[in-house]
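*Asks:* requesting a structural model of the entry that follows:
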Amino acid sequence: MVLLPETIVHDYYSKIPGSTKASSQLNPFLNGWIFPCNATLPSFSLIVENDYRATIPPEHIILQPFYVSGGSPMCFGSIQVAIHEIVFGDIFFKSQYVVFDTAGPRVGFARQRQQKLGKEVVTG
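*Replies:* Numbers count the residues shown, from 1 in each chain. Here you go, the predicted structure:
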């Protein structure tokens, strides 16, 4: 998951037809942004340290589908609203080449070679 401010998350999902912010009324285990599983998702990019564009490809944004009575399958997005702190979780790290320098301490990022960007949403 990647947890970000509400305005950024809303801006991303507003570009996906049929996406909505679901509540636990729909499913007791669900509270966050969902979208039709057959939707075409854009990549999600953000700027890290003013010079590196970290891009998360669409296939990392789609989580397990679930079914709404009488409807098409919906998917829970792995980009959601942060309650308190911004969190760069597994989908961020598995979509980048990351080097941790404990002597620094510092972290370095680079784009993975096989990453396809396609349609993209950039924030930063």
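*Asks:* and the most far-flung residue of the chain relative to its centre, how close does it get to residue 48?
*Replies:* No residue in the chain sits farther from the centre than residue 103, which is 30.3 Å out by CA atoms, centre = their mean. Shown here: residue 103 relative to residue 48, a distance of 20 Å by CB to CB, to the nearest Å. No exception for glycine: its C-beta is placed from N, CA and C like everyone else's.
*Asks:* for residue 31, same thing?
*Replies:* Relative to residue 48, and taking CB to CB, residue 31 is found at 28 Å.
*Asks:* before we move on, the earlier item: list the contacts of the residue farthest from the centre of the chain.
*Replies:* If a contact means CB atoms under 8 Å, 6 or more residues apart in numbering, then residue 103 has no contacts.
*Asks:* assign it to helix, strand or coil.
*Replies:* Secondary structure, DSSP: H, G, I helix; E, B strand; the rest coil: residue 103 is coil.
*Asks:* for it, grab phi and psi.
*Replies:* Per-residue torsions, residue 103: phi -70, psi -30 (degrees, to the nearest 10).
*Asks:* any idea how far residue 86 is from it?
*Replies:* As judged by CB to CB, residue 103 and residue 86 stand 26 Å apart.
*Asks:* same check on residue 64?
*Replies:* Distance from residue 64 to residue 86, by CB to CB: 24 Å.
*Asks:* between the two, which one's more packed in?
*Replies:* The neighbour comparison of residue 64 against residue 86 (other CB atoms under 10 Å) goes to residue 86, with 11 against 8.
*Asks:* do I have it right that the more buried one meets residue 8?
*Replies:* No: counting by CB atoms under 8 Å, residue 86 does not reach residue 8; the two are 9.4 Å apart.
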